[in-house]
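Asker: below: sequence and its predicted model.
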Amino acid sequence: MKSWPALLSGLLFGMGLSLAGMTDPGKVQGFLDITGAWLPDLAFVMGGALLITLTMTSLILRRDKPLLASSFNMPTLKTIDGRLIVGSLIFGVGWGLSGYCPGPALVSVVYGYDTTVVFCLAMTAGMFGATLFNPKTGS
Amino acid sequence: MSAIELLETYITPLLGGLTLGVAAMWLLFSLGRVAGISGIVWGVMAGPDRQWRGFFVAGLLVGGLIIHTVIGIPIPEQSSTSLSLVALSGLLVGFGTRIGGGCTSGHGVCGIGRQSLRSIVATITFMGAGVLTVFVIRHVVGGAL
């Protein structure tokens, strides 16, 4: 599979996260702090992103295949199961604790802060830990 | 509200969000893949398709640098969260996103974008858990952590 389109997407994604201020964990925690000094930033970020994805996804999936690959590779699971709920709960707790989710944390590694490096190393360990509970490691 | 505050609170988050959407749609349009960061990061380490995923992550790192160095958006200050709590946070995020099949990007941006019920439920769940967690650390234990 061609790599340059992924590089371009990653570039845009990193630019979007930094521009949006999402690499500032204080802004993320501020959004989640609905009973305190609430910060609306993340709502505008999600709103902007969903404006694009909600309108474009179905249009793109109408094509027979992607522009530069042989087929679309979409998630196939449809059921709401315990793994989805428990995993998302655990992720949410971790997200609230530091204000980092995977994308912003990775972008922040280049800032050279020990917190972001420690977060990404721990995140990697957590991902490997999850394999103990999941023989099937889908993407 | 001053023009700078207006820009920082509403305009750059909106522009950033639109950019995220375009990034995700470009990946879907060009390679037919979902721009879910936790899944891509895992794929870089465990495979398959290490190559395109590696290029995506490389782009992610450079993209942030471009915004700060070329466009001049200031680099955020370091998190005030303690290293031990950050480590716990990272463990939970890595573990939870793998078990739950996605994070803010895969479920939140891409999944809701294709109106996946699973992703809508996941996003409500992790946002709710995040809200509760911040409530506890800021208003119950009062930042003692």
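Answerer: Arrived safely, thanks for sending.
Asker: just list the residues touching the nearest residue to A:Phe13 once chain neighbours are set aside, thanks.
Answerer: Take A:Phe13 and drop its neighbours on the chain: the residue closest to it by Cβ to Cβ, 6 or more residues apart in numbering or on different chains is B:Ala23, 4.0 Å away. The C-beta positions use only the backbone N, C-alpha and C, and glycine is treated the same way. Counting by Cβ atoms under 8 Å, 6 or more residues apart in numbering or on different chains, B:Ala23 makes contact with A:9-13, A:15-16, B:35.
Asker: ok, now A:Thr79?
Answerer: For A:Thr79, the contacting residues are B:Arg118, by Cβ under 8 Å, 6+ apart.
Asker: okay, it: pLDDT?
Answerer: pLDDT for A:Thr79: 94.
Asker: what does B:Tyr10 give?
Answerer: Note for B:Tyr10: predicted pLDDT of 88.
Asker: which one is it nearest to, not counting chain neighbours?
Answerer: A:Phe44 (5.7 Å).
Asker: how many residues are close by the nearest residue to B:Glu8 once chain neighbours are set aside?
Answerer: Excluding the flanking residues, the one nearest B:Glu8 by Cβ to Cβ, 6+ apart is A:Gly21, at 7.2 Å. Close neighbours of A:Gly21, defined as other Cβ atoms under 10 Å in any protein chain shown, add up to 24.
Asker: list the contacts for A:Gly21?
Answerer: A:27, A:41, A:45, B:8, B:12-13, B:16, B:76.
Asker: where's A:Lys2, which helix or strand?
Answerer: Under the criterion DSSP states H and E, no helix or strand holds A:Lys2.
Asker: leaving out chain neighbours, which residue sits closest to it?
Answerer: A:Leu68 (5.1 Å).
Asker: then A:Tyr111?
Answerer: B:Ile75 (5.5 Å).
Asker: next, format the contacts of B:Ala23 as a markdown table and append secondary structure and neighbour count.
Answerer: Output for the contacts of B:Ala23, formatted as a markdown table (DSSP: H, G, I helix; E, B strand; the rest coil; neighbours: other Cβ atoms under 10 Å in any protein chain shown):
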| residue | secondary structure | neighbour count |
| --- | --- | --- |
| A:Ser9 | helix | 29 |
| A:Gly10 | helix | 30 |
| A:Leu11 | helix | 24 |
| A:Leu12 | helix | 23 |
| A:Phe13 | helix | 32 |
| A:Met15 | helix | 29 |
| A:Gly16 | helix | 31 |
| B:Ala35 | coil | 28 |
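Asker: which of the residues you listed sits closest to B:Ala129?
Answerer: Among the contacts of B:Ala23, B:Ala35 lies closest to B:Ala129 (Cβ to Cβ), at 22.6 Å.
Asker: next, the contact list for the nearest residue to that closest one once chain neighbours are set aside, please.
Answerer: Nearest residue to B:Ala35, sequence neighbours excluded (Cβ to Cβ, 6+ apart): B:Ala24, at 3.9 Å. Contacts here follow Cβ under 8 Å, 6+ apart; on that basis B:Ala24 touches A:9, A:13, A:49, A:52-53, B:34-35, B:105, B:109-110, B:113.
Asker: alright, calling it a day.
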